[in-house]
Structure formats: C-alpha cells, structure tokens
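Peer 1: quick one: sequence and predicted model below, then my questions.
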Amino acid sequence: MADVIAPVTPASVAVVGAGTMGVGIAYVHAVAGSQVWLVEPGQARREAVRGILAEAAASGLKRGKLTADQAGRVETAIAMVGDATDLPRGMDLIVETVPELPDLKERVLRQLAALEPRILATNTSSISIDRLSSCALDPSRFLGMHYFNPVWSLPMVELVRGAATSDEAVALARAFAESTGKTTIVSRDVPGFATSRLDMLAAIEAIRMLEDGVASAEDIDKGQVVAFRHPVGPLKLCDIVGLDVRLDIALYLSSKLGDRFAPPKLLRDKVARGELGVKSGKGFFDWSDTRYFVSKDAGPRA
C-alpha cells in the first residue's frame with residue numbers, strides 16, 4: 001500500500017455485525033469523530049441497538065466520560081443499515097464483527113472486500129488472519145483488529161498482522177485505534193494471538209474447577225478478583241463475553257493447539273441449553289434482572 005498515511009479523523013468507518021462487540025466498536029469510533037455505518041440485517045436488533053447506544057451515551061455524559069458533543073455524535077453519526085451492499089465504496093476502515101465461525105467470516109469478508117476499503121479488518125479473537133486474508137482483494141490491506149469487551153471501557157486493541165499485511169496497513173490501523181483513545185499491541189498470526197490464549201486457558205480452567213466442585217462460581221471469581229486483583233472473575237467474564245463465543249473459540253484453539261483448550265462438558269451443556277450469559281439472562285450467574293450489563297466507565301452494553 002503505497003499511499004501516504006493521512007489523518008484518520010474524521011473518517012468513514014463501517015462495522016459489520018451489531019452484536020455486543022460491533023455496537024461497542026461503532027460507539028467508540030463515533031465518539032472519536034468518525035462517520036460510522038453499522039450493518040445489522042435484523043430490524044428488531046437495529047431498533048434495540050438504537051436504545052443501547054442512546055442509553056450508553058446518556059450514561060457516559062452523566063459520568064463525565066463524554067462531552068455533550070460526543071454524546072450527541074453517538075446518536076447522529078451512526079447510520080444503521082441492513083446490508084453491506086448499502087455501504088459506500090472506498091471507505092477508510094471496515095471492521096467485520098460477525099460470530100467466530102470461519103465459513104461465515106469468509107463469506108462476509110469477500111462481500112466487504114469488493115467495496116475496496118482503505119483497510120479491511122476482522123475482529124476475530126482466534127481465527128487465522130492468513131486464512132481469512134484469502135478473502136481480501138488486496139491482502140496487504142487486511143489485518144486483525146481485536147477489540148476487547150466492553151469496547152467502551154477497555155483501552156486495548158490487539159493488531160494482528162498476517163504474512164501479507166503491510167507495514168503501512170499496521171500503521172494506519174494503529175492510527176485508527178489510537179484515535180479512539182486505545183492502546184495497541186501488535187501480534188503475529190498464531191492461534192489465539194497474544195491475548196486469547198491466556199484468557200481462554202483461565203476461562204477453561206475456571207469452568208473445569210466449577211465442574212469438579214472445587215468451589216462455587218462466586219468463590220472462584222472472588223478468589224481471582226481479591227487475591228490477584230483481576231477486575232472481574234473468569235466465570236463472570238465468560239458470561240459477559242457470551243458462552244457461545246467462548247465455546248467457538250475453545251473449539252478452534254483445541255483443533256490447533258491441543259486438548260488443553262478442549263471445552264469442558266459444562267460449557268457445552270450450557271450453550272446447548274441456551275444459557276449464554278448476559279445476553280440470555282443466565283450463564284454461570286443469573287442476569288435475569290439485568291436488562292444490560294453496566295460498565296463502571298461508560299454505560300450499558302447488550
């Protein structure tokens with residue numbers, strides 16, 4: 001990619017997939033001053049997302065995390081569309097945030113590549129960037145941008161470069177991420193990258209401990225929070241991320257790195273029963289009385 005790296009804000013940014021991660025990514029880029037398109041095929045979900053964004057902006061303003069102008073941009077600078085074909089061509093950045101299913105991601109990325117964005121990124125937390133780069137028209141402009149949940153609170157974006165990713169693409173992706181106030185790290189394209197491997201090992205071991213009756217979910221999490229000063233325990237974090245997401249990542253990492261990442265039966269059973277965590281109202285903990293999980297820094301998220 002030979003063109004000179006230009007200032008990225010204001011920029012045109014599309015986020016494809018309005019799940020928990022996609023909503024958060026759209027939010028931080030709108031707050032940073034970009035014009036944002038958020039792609040979500042489900043009309044009911046689009047309507048729900050409007051409420052989530054409005055509530056998040058109001059909470060951020062009340063907590064002093066946003067200015068009035070920034071809060072207003074959350075509602076005015078995010079255009080909700082039903083299909084990627086509604087996106088403009090030649091956007092500055094497109095971030096794909098669909099579920100962690102390789103075939104689905106490949107199908108969506110091929111469609112997005114045809115729009116010829118300046119940078120095409122995937123928010124995958126585990127799937128090979130080199131595998132997904134085959135969907136890009138120009139793999140030098142493709143990389144992973146792994147945001148962390150909740151996006152509006154956690155100040156990290158992990159940039160994952162594939163074999164074909166150019167230095168210019170990494171530099172521009174870093175500029176996009178840092179324009180939203182994030183800190184970045186760069187990792188090589190290995191299974192689990194630099195963050196998900198450690199995170200998943202802790203999650204899987206905590207689930208095995210619960211399965212084996214070592215302690216209650218409350219006490220397993222309390223041990224991590226109090227003894228090791230983790231901001232949230234591993235089982236509650238699983239609920240926040242989504243147990244279905246955890247299962248998809250565990251299955252992928254176990255296929256690449258072996259049985260230490262094999263998903264415990266308890267995790268499989270909960271997903272099969274639809275106990276997915278916050279988004280379903282029940283996981284390792286009961287969330288039925290909570291419409292949205294509320295972060296201490298910014299506001300509610302789905």
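Peer 2: Structure received.
Peer 1: quick check: phi and psi on the nearest residue to residue 109 once chain neighbours are set aside?
Peer 2: Take residue 109 and drop its neighbours on the chain: the residue closest to it by C-beta to C-beta, 6 or more residues apart in numbering is residue 135, 3.8 Å away. C-beta coordinates here come from the backbone N, C-alpha and C atoms, glycine included. Here the main-chain torsion angles of residue 135 (degrees, to the nearest 10) amount to phi -90, psi -10.
Peer 1: contacting residues for residue 135?
Peer 2: Contacts for residue 135 were tallied using C-beta atoms under 8 Å, 6 or more residues apart in numbering; they are 106, 109-110, 113.
Peer 1: buried subset of the residues you listed as a ChimeraX selection?
Peer 2: Selecting only the buried members of these in ChimeraX, with burial defined as 16 or more other C-beta atoms under 10 Å, works like this:
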select :106,109,113
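Peer 1: look up how far residue 108 lies from the residue nearest to residue 109.
Peer 2: 8 Å (C-beta to C-beta, to the nearest Å).
Peer 1: which stretches of the stretch 1-150 of the chain have low pLDDT?
Peer 2: Within the stretch 1-150 of the chain, the stretches with pLDDT under 70 are 1-9.
Peer 1: quick one, strands of it?
Peer 2: Counting by DSSP state E, counting those that start in this stretch, the stretch 1-150 of the chain has these strands, from start to end: 12-16, 35-39, 78-81, 93-96, 119-122, 142-147.
Peer 1: now render those as CSV, adding mean neighbour count and distance to residue 212.
Peer 2: What follows is the strands of the stretch 1-150 of the chain, written out as CSV (neighbours: other C-beta atoms under 10 Å; distance: least, C-beta to C-beta, whole Å):
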stretch, mean neighbour count, distance to residue 212
strand 12-16, 26, 40
strand 35-39, 23, 42
strand 78-81, 18, 45
strand 93-96, 25, 37
strand 119-122, 28, 35
strand 142-147, 26, 31
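Peer 1: could you dump those to CSV with distance to residue 278?
Peer 2: Putting the strands of the stretch 1-150 of the chain into CSV (distance: least, C-beta to C-beta, whole Å) gives the following:
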stretch, distance to residue 278
strand 12-16, 20
strand 35-39, 20
strand 78-81, 22
strand 93-96, 22
strand 119-122, 23
strand 142-147, 17
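Peer 1: between those, which gets nearest to residue 64?
Peer 2: Go through the strands of the stretch 1-150 of the chain one by one with C-beta to C-beta and the one that ends up closest to residue 64 is strand 78-81, at 21.9 Å.
Peer 1: alpha carbons of that closest one, as CSV, please.
Peer 2: What follows is strand 78-81 as a C-alpha-only set of coordinates in CSV (Å, rounded to 0.1, in the frame of the first residue of the first chain):
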residue,chain,number,x,y,z
ILE,A,78,-24.0,6.2,13.4
ALA,A,79,-26.1,5.2,10.4
MET,A,80,-27.9,1.8,10.8
VAL,A,81,-28.1,-0.2,7.5
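Peer 1: ok now it, how far from the chain's centre?
Peer 2: Here strand 78-81 is found 18 Å from its chain centre; the criterion is C-alpha atoms, centre = their mean, to the nearest Å.
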